[in-house]
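Participant: No sequence on hand, only this structure:
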């Protein structure tokens with residue numbers, strides 16, 4: 001990839017960069033993502049962590065996802081922007097909130113997951129592949 005993919009939090013105190021394209025992009029309807037996205041699906045780009053670079057300080061919150069995985073969620077302590085999630089059992093991958101990318105068009109979902117958790121009013125794109133829960137083992141979280 002020629003150019004880096006960059007992003008930041010709302011206030012700009014945290015900036016990040018990847019030197020590879022995302023391996024997948026998805027809209028996630030799990031309840032945790034609904035909380036993080038004010039009730040809607042969270043649109044995420046999944047990157048390999050090998051080229052991840054961070055400038056600034058992030059705060060962390062650990063939780064157990066509906067999948068049973070322990071998740072480390074990181075956000076800007078100054079403005080509260082949710083930025084990254086990582087499954088502790090898949091340290092080679094990082095989930096980045098598409099809205100934090102400088103080019104949010106890179107986050108266009110290729111699939112939807114946890115659609116069984118979507119509220120009745122949720123707009124799930126049925127033209128995309130979708131999964132009612134967590135995708136199968138061996139795939140990025």
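Facilitator: Sure, I can see it. None of the values given here were measured: they were computed from a predicted structure. Residues are numbered from 1 along each chain as shown.
Participant: quick one: residue 79 and residue 10 touch, right?
Facilitator: Yes: at 4.4 Å, residue 79 counts as touching residue 10 under the criterion of C-beta atoms under 8 Å. To be clear about C-beta, it is placed using only N, CA and C from the backbone, and glycine gets the same treatment.
Participant: Can you list the buried residues in the helix or strand bottoming out on mean pLDDT in the chain?
Facilitator: The weakest-scoring helix or strand in the chain, judged by mean pLDDT, DSSP states H and E, is helix 31-36 (a mean of 90). For helix 31-36, the neighbour count (16 or more other C-beta atoms under 10 Å) marks 32-34, 36 as buried.
Participant: Residue 62 and residue 115, how far apart?
Facilitator: To residue 115, residue 62 is 26 Å away according to C-beta to C-beta, to the nearest Å.
Participant: Have a look at these two and say which one is more surrounded.
Facilitator: Per other C-beta atoms under 10 Å, whichever of residue 62 and residue 115 has more neighbours is residue 115, with 21 against 9.
Participant: Just give the closest residue to residue 98, not the sequence neighbours.
Facilitator: residue 107 (2.4 Å; C-beta to C-beta, 6 or more residues apart in numbering).
Participant: residues touching the one you found, list them.
Facilitator: Listed by C-beta atoms under 8 Å, 6 or more residues apart in numbering, the contact partners of residue 107 are 22, 25, 43-45, 96, 98-99, 101.
Participant: quick one: residue 31 and residue 66 touch, right?
Facilitator: Yes: with contact defined as C-beta under 8 Å, residue 31 reaches residue 66; the gap is 6.6 Å.
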